[in-house]
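In: Okay, predicted coordinates and the sequence, questions at the end:
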Amino acid sequence: MAGTPFDRSVPRAISRKRSERMLAELALLDYDGSVSLATLTRELKVSAATIRRDLADMEDQGLLVRTHGGARLQAAQPEVPVRLRDSRFREAKQRIARRAAELLPDGPYSIALSGGTTTAEVAKVLATRPDLAIITNSLTTVMAIASRPNLKVIMTGGVVRSSSYEAVGVLAENTFNAINVGTAILGTDGISALGGATTHDETEARTNHAMVANAQRVMVVADGSKVGRVTLAKVADLSEIQTLVTDDTADPEELDRIAATGIEIHVVPG
């Protein structure tokens with residue numbers, strides 16, 4: 001019907017202030033599994049009505065269950081959605097993105113970008129560069145750069161994950177398998193000497209490994225909180241990664257262990 005709004009089917013933008021508040025609410029929940037409305041309003045210094053709206057939105061996303069007078073975690077807590085992750089360590093991610101872009105060669109070039117907030121920052125830095133082809137399975141990245149006439153932007157097919165807005169599965173893997181790129185820039189939920197590059201979802205890991213396998217060079221971009229973490233599914237062994245770009249909050253001992261495998265590490269200062 002003409003004039004019917006689309007906003008119910010399109011993810012709504014969340015302000016940085018609100019996303020930080022919602023992350024704080026989740027952190028209070030995570031402490032003991034449940035929290036009262038009174039505690040949330042006292043700790044976060046906002047009105048009960050504001051907290052109720054936040055809890056309602058997070059319940060819609062499957063992050064919690066509202067209770068009489070508060071909220072509790074789901075029995076199995078999912079990963080934090082990309083809309084909330086976007087505000088975490090933003091300045092560090094921007095510095096990482098600028099360094100990653102500096103490491104790419106000049107002239108016509110092709111890169112692959114996985115999903116994730118840090119790789120999205122890389123895309124923003126590269127948005128004005130000429131003669132660049134970017135292939136990605138991230139809807140958020142495509143929306144940020146698709147209007148740039150100086151870029152060739154290729155979007156994979158696949159099933160879209162609701163928490164990350166990434167297309168995954170056989171269709172996405174087939175697209176990555178059909179195209180060779182100079183550098184694959186990979187965002188991860190963890191990178192460590194023990195586990196390699198890892199993520200929370202096994203299907204996402206398999207899709208991203210297809211991207212890795214068809215690149216001449218692999219660069220991981222990860223803020224310091226990801227260094228030393230091991231999550232569920234392996235995306236790539238360290239032997240498949242040439243470069244890691246992170247920030248100076250990363251554990252230096254873990255960086256030494258990663259560097260000992262032959263990976264070139266770039267640490268951006270705060």
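Out: Received, thanks.
In: right, and A97 touches E121 too?
Out: Yes. Counting by CB atoms under 8 Å, A97 touches E121, with 3.7 Å between them. Using the backbone N, CA and C atoms, a C-beta is placed for each residue, glycine as well.
In: how far away is the residue lying closest to Q242 once chain neighbours are set aside from L37?
Out: Spatial nearest neighbour of Q242, excluding adjacent residues (CB to CB, 6 or more residues apart in numbering): R217 at 5.1 Å. Distance, R217 to L37, by CB to CB, to the nearest Å: 51 Å.
In: Kindly export the lengthiest helix in the chain (C-alpha atoms) in PDB.
Out: Identified as the longest helix of the chain according to DSSP state H is helix 16-32. Extracted C-alpha coordinates of helix 16-32, given in PDB (Å, rounded to 0.1, in the frame of the first residue of the first chain):
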ATOM      1  CA  ARG A  16      25.800   6.300  20.900                       C
ATOM      2  CA  LYS A  17      24.500   7.400  24.300                       C
ATOM      3  CA  ARG A  18      21.700   5.000  24.200                       C
ATOM      4  CA  SER A  19      23.700   2.000  23.100                       C
ATOM      5  CA  GLU A  20      26.300   2.700  25.800                       C
ATOM      6  CA  ARG A  21      23.400   2.800  28.400                       C
ATOM      7  CA  MET A  22      22.000  -0.500  27.100                       C
ATOM      8  CA  LEU A  23      25.400  -2.100  27.300                       C
ATOM      9  CA  ALA A  24      25.600  -0.900  30.900                       C
ATOM     10  CA  GLU A  25      22.200  -2.400  31.600                       C
ATOM     11  CA  LEU A  26      23.300  -5.800  30.200                       C
ATOM     12  CA  ALA A  27      26.500  -5.600  32.300                       C
ATOM     13  CA  LEU A  28      24.400  -5.200  35.400                       C
ATOM     14  CA  LEU A  29      22.200  -8.100  34.400                       C
ATOM     15  CA  ASP A  30      25.300 -10.200  33.700                       C
ATOM     16  CA  TYR A  31      26.600  -9.700  37.200                       C
ATOM     17  CA  ASP A  32      24.000 -12.000  38.800                       C
END
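In: tell me the average confidence for it?
Out: Per-residue pLDDT values across helix 16-32 average out to 78.
In: any idea how far the very next helix or strand once past that helix is from the chain center?
Out: Toward the C-terminus, helix 16-32 is succeeded by strand 34-36 as the next helix or strand (DSSP states H and E). Here strand 34-36 is found 28 Å from its chain centre; the criterion is CA atoms, centre = their mean, to the nearest Å.
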